[in-house]
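> A predicted structure for the sequence below; I have some questions about it.
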Amino acid sequence: MTILSGSDVGTFPHGDNAREVEAMVDFGMTPVNALRAATSVAGRVLHMEIGEVKAGMFADLIAVDGDPIGEISAIRRVVFVMKGGTIYKQ
């Protein structure tokens with residue numbers, strides 16, 4: 001079974017998608033698999049090369065305050081944002 005996080009949640013306001021990833025963990029997914037559902041798995045399902053950090057990618061990255069593997073809610077504490085190689089928050 002393939003599970004991915006999407007932008008069609010409907011129950012959360014736009015920009016609060018972290019809640020969906022947190023809910024995945026609350027319902028039994030491991031934090032690693034929940035994060036993959038929002039990144040590389042979503043990319044694979046959409047036939048897009050997204051969700052990986054490697055040469056040739058767009059350099060769309062975030063960094064969070066904390067370890068989301070140990071505390072999934074850390075994904076709400078974004079301290080760095082890079083989109084297309086341009087830093088928007090540092």
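Noted; the coordinates are in hand. These numbers were taken from a predicted model, which means no experiment stands behind them.
> count of residues packed around Val64?
16 (other C-beta atoms under 10 Å). From N, CA and C alone the C-beta is placed, and that goes for glycine too.
> Quick check: the most centrally placed residue in the chain vs Gly51, distance?
Against the mean C-alpha coordinate of the chain, by C-alpha atoms, centre = their mean, the closest residue is Ala38 at 4.3 Å. Ala38 is 8 Å from Gly51, where distance means C-beta to C-beta, to the nearest Å.
> worst-scoring helix or strand of the chain, pLDDT-wise?
helix 40-45 (a mean of 86; mean pLDDT, DSSP states H and E).
> what about Gly51, neighbour count?
Applying other C-beta under 10 Å, we find 19 residues neighbouring Gly51.
> repeat for Gly43
When neighbours are counted by other C-beta under 10 Å, Gly43 comes out with 16.
> Do a quick rundown of the strands in this protein.
Remark: strands assigned in the chain by DSSP state E are 61-64, 78-83, 86-89.
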